[in-house]
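**Q** Attaching a predicted model along with its sequence, questions to come.
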Amino acid sequence: MNGGFLIAKCDVIDVSKLYGSGVAEVRALDAVSLEIDTGEFTVISGPSGSGKTTLLNLIGCLDTPTAGTILLEDTDISSLGERALARVRARRIGFVFQSFNLIPVLSALENVETALHLAHTEGNRREKAAEMLEAVGLKDQMKRRPTQMSGGQQQRIAVARALVKNPALVIADEPTANLDTATGAQVLDVMRTMNQKRGVTFLFSTHDPRVMERASRIVSLRDGRVEDDRKVEKPVGAANSGPSSQE
Ligand SMILES: Nc1ncnc2c1ncn2[C@@H]1O[C@H](COP(=O)(O)OP(=O)(O)O)[C@@H](O)[C@H]1O
Ligand SMILES: [Mg+2]
């Protein structure tokens, strides 16, 4: 079924991405290969400009590589048309951005519900959205609009919006960059819990040590290349029964 497949794993094979041309050409990614497995809580780290956002956008089907192949499950995403790609994004992938990207005129509840409309899910959407907001600790703030809420609360709405459609993969681009230490940790704990309870795969970009210490794997980028790729034995916040647990 077009766009309906599960994303159990993701293969990035020899992927390069060039922006611009001639003297203005930038090689944002240079022959990157990476395999992401189900249930990972993986961080892509690296200095500003190293290609983190570019890589996440390619895996999230928001952009296409200049060279190389990306397989979601076993489907080459370059074989999918625009509509099929839009369907994959709406139904299978949850996005969390640094600047939250919520709709200011809608309540928290309506923001989360919108994701269910776009994903064309069955069942009571309002109820599902409310349950998800409760799961991220916003039970009593559902009727409020994002502008009436703190940064941490807004990012928790965004996490609820990403998770409510029950995606296989959540892509989060520097999700804690605009949050203070305590709220950043809270938002991360919510994501870690979802990772362990539901087996949702998470892929982050960050240079935030709080995110890195919770990761099950850290991939370091530099100048568009993978410089280091290592598994973490005992991430902070990992429960014994979690998919990344070593016990
Ligand atoms: N749309 C674009 N047009 C031109 N260059 C871009 C574009 N997006 C990113 N770049 C360049 O590609 C490189 C990687 O950027 P990016 O993926 O945003 O890195 P990071 O997220 O690690 O900061 C940088 O040199 C950046 O300037
Ligand atoms: Mg970036």
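**A** Cool, got the structure. Ligands and ions are numbered 1, 2, ... in the order given.
**Q** Could you verify that G39 is part of a helix?
**A** No. With DSSP: H, G, I helix; E, B strand; the rest coil as the criterion, G39 is coil rather than part of a helix.
**Q** what about it, neighbour count?
**A** Using other CB atoms under 10 Å, G39 has 18 neighbouring residues. Just so you know, the C-beta spots here come from the backbone N, C-alpha and C atoms, and that holds for glycine as well.
**Q** Pop out the phi and psi values for it.
**A** Per-residue torsions, G39: phi 80, psi 0 (degrees, to the nearest 10).
**Q** wait, it sits on G199?
**A** Yes. Counting by CB atoms under 8 Å, G39 touches G199, with 4.9 Å between them.
**Q** what residue ranges in this structure score low on pLDDT?
**A** 1-8, 239-247 (pLDDT under 70).
**Q** if you set the cut-off to 80 instead, what comes out?
**A** 1-8, 237-247 (pLDDT under 80).
**Q** ok, now how distant is the residue nearest to the spatial centre of it from ligand 1?
**A** In the chain, the C-alpha nearest the mean C-alpha coordinate belongs to I171, at 1.2 Å (CA atoms, centre = their mean). In this view, I171 and ligand 1 are 12 Å apart by CB to the nearest ligand atom, to the nearest Å.
**Q** Please list all residues in contact with that residue.
**A** I171 makes contacts with 56, 59-60, 93-96, 203, as judged by CB atoms under 8 Å, 6 or more residues apart in numbering.
**Q** Now intersect the residues you listed with the strands, please.
**A** 93-96, 203 (DSSP state E).
**Q** Dig out what I171 forms beta bridges with.
**A** Assessed by DSSP bridges, I171 has beta-bridge partners F95, L203.
**Q** Secondary structure element for V105, which one?
**A** Counting by DSSP states H and E, no helix or strand carries V105.
**Q** before we move on, what about L29?
**A** Secondary structure (DSSP H and E) places L29 in strand 26-36.
**Q** Now do the next helix or strand after that strand: everything it contacts.
**A** Sequence-wise, the next helix or strand downstream of strand 26-36 (DSSP H and E) is strand 41-45. Identification of contacts with strand 41-45 by CB under 8 Å, 6+ apart yields 36, 52, 55-56, 191-192, 195, 201-207, 211-212, 214-221, 235, 244.
**Q** And the nearest residue in space to C61 that is not next to it in sequence, how far from V15?
**A** Nearest residue to C61, sequence neighbours excluded (CB to CB, 6 or more residues apart in numbering): L85, at 4.7 Å. From L85 over to V15 the distance is 16 Å, taken as CB to CB, to the nearest Å.
**Q** Looking at those two, which one has more neighbours?
**A** Taking other CB under 10 Å, L85 and V15 do not tie; V15 has more neighbours (23 against 18).
**Q** For the more buried one, give the beta-bridge partners.
**A** Residues in beta-bridge contact with V15 (DSSP bridges): V32.
**Q** you'd agree it is up against P65?
**A** Yes. In this structure V15 lies within contact range of P65 using CB under 8 Å: 4.7 Å.
**Q** rewinding a little: so which of the contacts of strand 41-45 would count as near ligand 1 as well?
**A** Among those, the residues within reach of ligand 1 (CB under 6 Å from any ligand atom) are K52.
**Q** how far out from the middle of the chain is stretch 39-47?
**A** Here stretch 39-47 shows a centroid-to-chain-centroid distance of 10 Å under the convention CA atoms, centre = their mean, to the nearest Å.
**Q** What of stretch 51-58?
**A** 11 Å.
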